[in-house]
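In: Using only what follows, build the 3D model:
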Amino acid sequence: MSAIIADSDPHLVPGRLSALLDEAVRRFPDAPAIDFLGRRTTYRELGLLVERATAGLQRIGVAKGTRVGLFLPNTPYSVVAYFAVLKCGGVIVPFNPLYAEPEIRHQVRDSGARVMFVLDLADHYAKVAAQLGGGTLEHIVICPLADAMPQLKGMAFALTQRKRRAHVPVDARHSRFADLVATREPPRPVEFDPSSPAVLQYTGGTTGTPKAATLTHANLTTQVQQLVRWTPDFTYGGERVLGILPLFHVFAMSVVMLYAIAIGGEMILLPRLDIDMLMKTIMRRRPTCVPGVPTLYTAIANAAEKKGYDLSFIRICLSGGAPLPEEVRVRFERLTGCVLVEGYGLSETSPVVSVNPPGDKGKPGSVGLPVAGTKVEIRSIDDPTKLMPAGERGEVCVRGPQVMAGYWNRPDETANVMIDGALRTGDVGYLDADGYLFLVDRLKDMIICSGFNVYPRNIEEALYRHAAVAEAAVIGLPDEYRGEAPKAFVQLRAGATATTDDIKQFLATQISKIEMPREIEFRDALPKSAVGKILRRTLAAEEAAKTKTGKAA
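Out: Residues are numbered from 1 along each chain as shown. Coordinates of the predicted model:
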């Protein structure tokens, strides 16, 4: 079996992304749409803010095709700005607020962003303001953080954090969010085409300069329909979705924000990962749906065990962004009583490609079945024109309505990732006889050791089975004898102890000799991305720098 189509039902209907919100406002006007640190916004209130923000953006020149940057953590501003830009016919460009200026500069110029939303925090504003006049950026919309909080919290924040507030000029290049939504005139209607770009989602830049996957209205509206079909037992207007994953990341954009709005659910937004604030919010709002990454589930489990929290109200958990260790899955399920399912996706696929069925019908170690209307192919690594049979490893390739239109202004790179009309993911995996997808590793992370393919993920899974290991990552290093050899980085559990010999003795019972790490380095913490994904590339860069320094010496 070389390919699987998850669902032959053709009724995935591309549409206008902003219509998701319009429909939720119509059906659930008085239901809560957002909870932000205790301040709640109904769908009626959200819809009104979006309409006024749309008119305000049109007033400053945002029109069809205008790229607008969102330099925002998770706040109500993120949601309002997102849908207002779309209603103008504009294109969203999400930014990570932790980016340094060179990264911001590249993304502004590459996308052609003309307008940017940013909080009134001095460090955030300074990085954005530095882009004014040097490229395409013409206008900044200032969003006061205190105004988004409950009244008393906002007053306390404004009083105690005065030094953190930016000094913003009063000129034609700046607007305050309150002024943007002050208009009472309705926005002008805009012509619409489902194939129009909706979001320029920048990749992590793991293979060079970051590039933007162009996600259209059709891509994202069909993706939402795929997600809704995956959870047939949800309650319209009754689910509460935890939004700790950053909305500037494609996983949270689709699985938190767009999914919640599509079912009239409540987004419980948090601006950053603070475990005490997170657990207080979880116990206060009792989310029924918790999308996350493995490190998040580990953090919640640690806190819940320490405090004795009852998390049985959680019903739906989807893990993505990084491989889900079996030990993490079992532990979280024991605490909550829900089934923690693993899925798979990429920025280029809006992002979900496959996911295990909700309930207990999934397969441990698998990233599930392709979502509706999606076809997964396994192609030979040596000859991409050749489809591999069931059980045989190869490169995972994807077809489906959620696959991007291409990389923004990069036709050559787009052509490089397509094969016979399918997207080449760069991941190695296989399909079993039942059509479940299993990932082995990334092609670029694969270690060629004495001529054998060694997959870091397999070694990491074994490390997670050691009782003292909290987190682990494996990379390949140059080796004079074997060509490459694995090196493991390990973070131990709080209070646990283990030596290199302890770890290697354990691994000897779990993996082959060829997979045994040449070296094990213990760390207090491992580098992570904004969504909590352990960054092998950072570890590899550190090792390369050490090698270069050693050679120079």
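In: Tell me where the stretch 201-350 of the chain is predicted with low confidence.
Out: Along the stretch 201-350 of the chain, segments meeting pLDDT under 70 span 204-208.
In: Okay, buried residues for the helix or strand that contains Lys546 please.
Out: For Lys546, the host element (DSSP states H and E) is helix 536-552. Buried residues in helix 536-552, defined by neighbour count with 16 or more other C-beta atoms under 10 Å: Arg536, Arg537, Leu539, Ala540, Glu543. From N, CA and C alone the C-beta is placed, and that goes for glycine too.
In: Stretch 59-75 now?
Out: Quick answer for stretch 59-75 (16+ other C-beta under 10 Å): Ile60, Val62, Thr66, Arg67, Val68, Gly69, Leu70, Phe71, Leu72, Pro73, Asn74, Thr75.
In: Name the surrounding residues that touch the helix holding Lys546.
Out: Defining contact as C-beta atoms under 8 Å, 6 or more residues apart in numbering, one finds that helix 536-552 is touched by 206, 445, 456, 473-478, 487, 489, 526-527.
In: out of the buried residues of stretch 59-75, which one sits closest to Tyr309?
Out: Among the buried residues of stretch 59-75, Asn74 lies closest to Tyr309 (C-beta to C-beta), at 22.3 Å.
In: ok, what's across the strand from the closest residue in space to that closest one that isn't next to it in sequence?
Out: Nearest non-adjacent residue to Asn74, counting by C-beta to C-beta, 6 or more residues apart in numbering: Leu269, 4.3 Å away. Counting by DSSP bridges, Leu269 is bridged to Phe36, Gly243.
In: if we can go back for a sec, which one of the buried residues of stretch 59-75 is nearest Pro169?
Out: Within these, proximity to Pro169 (C-beta to C-beta) peaks at Ile60, which comes in at 15.7 Å.
In: Please list all residues in contact with that closest one.
Out: Val115, His139, Ser175, Leu180.
In: all strands for the stretch 101-250 of the chain, in order.
Out: Taking DSSP state E, counting those that start in this stretch, the strands of the stretch 101-250 of the chain run over residues 115-119, 139-143, 174-176, 197-202, 212-216, 240-243.
In: So what touches the fifth one?
Out: With C-beta under 8 Å, 6+ apart as the contact definition, strand 212-216 has outside contacts at 14, 93, 110-111, 194-203, 250, 347-348, 350, 404-408.
In: Neighbours of the residue lying closest to Gly365 once chain neighbours are set aside, how many?
Out: In this structure, Gly365 finds its nearest non-sequential neighbour in Phe438, 6.3 Å apart by C-beta to C-beta, 6+ apart. By the criterion of other C-beta atoms under 10 Å, Phe438 has 18 neighbours.
In: any idea which element Phe438 lies in?
Out: Counting by DSSP H and E, Phe438 is part of strand 437-442.
In: which element follows that strand toward the C-terminus?
Out: Following strand 437-442 toward the C-terminus (DSSP H and E): strand 447-449.
In: could you say what helices and strands that next one packs with?
Out: For strand 447-449, the elements it packs on are strand 452-454, strand 469-479, strand 483-492, judged by 3 or more C-beta pairs under 8 Å, 6 or more residues apart in numbering; DSSP states H and E.
In: can you list these in a markdown table and add mean neighbour count?
Out: Converted to a markdown table, those look like this (neighbours: other C-beta atoms under 10 Å):
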| stretch | mean neighbour count |
| --- | --- |
| strand 452-454 | 17 |
| strand 469-479 | 21 |
| strand 483-492 | 21 |
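In: and Trp230, which of these is closest to it?
Out: Closest among these, using C-beta to C-beta: strand 469-479, at 28.2 Å.
In: could you give me the average pLDDT of the closest one?
Out: For strand 469-479, the mean pLDDT works out to 92.
In: for stretch 510-521, same thing?
Out: 90.
In: quick one: contacts for the residue sitting nearest the centre point of the chain?
Out: Nearest to the mean C-alpha position of the chain, by C-alpha atoms, centre = their mean, lies Phe251 at 3.2 Å. Contacts for Phe251 (C-beta under 8 Å, 6+ apart) come out as Leu245, Pro291, Gly320, Gly321, Gly345, Pro351, Val531.
In: can you pull the pLDDT of Ser8?
Out: The model's pLDDT for Ser8 equals 46.
In: nope, Ala552 is what I meant
Out: pLDDT, Ala552: 59.
In: ok, now Val531?
Out: So Val531 comes in at 81 (pLDDT).
In: With the one 10 residues further on instead?
Out: As summarised for this prediction, Ala541 has a pLDDT of 90.
In: I'd like the distance between it and Thr547.
Out: 11 Å (C-beta to C-beta, to the nearest Å).
In: just Ala172 next, same as before
Out: Ala172 is 52 Å from Thr547, by C-beta to C-beta.
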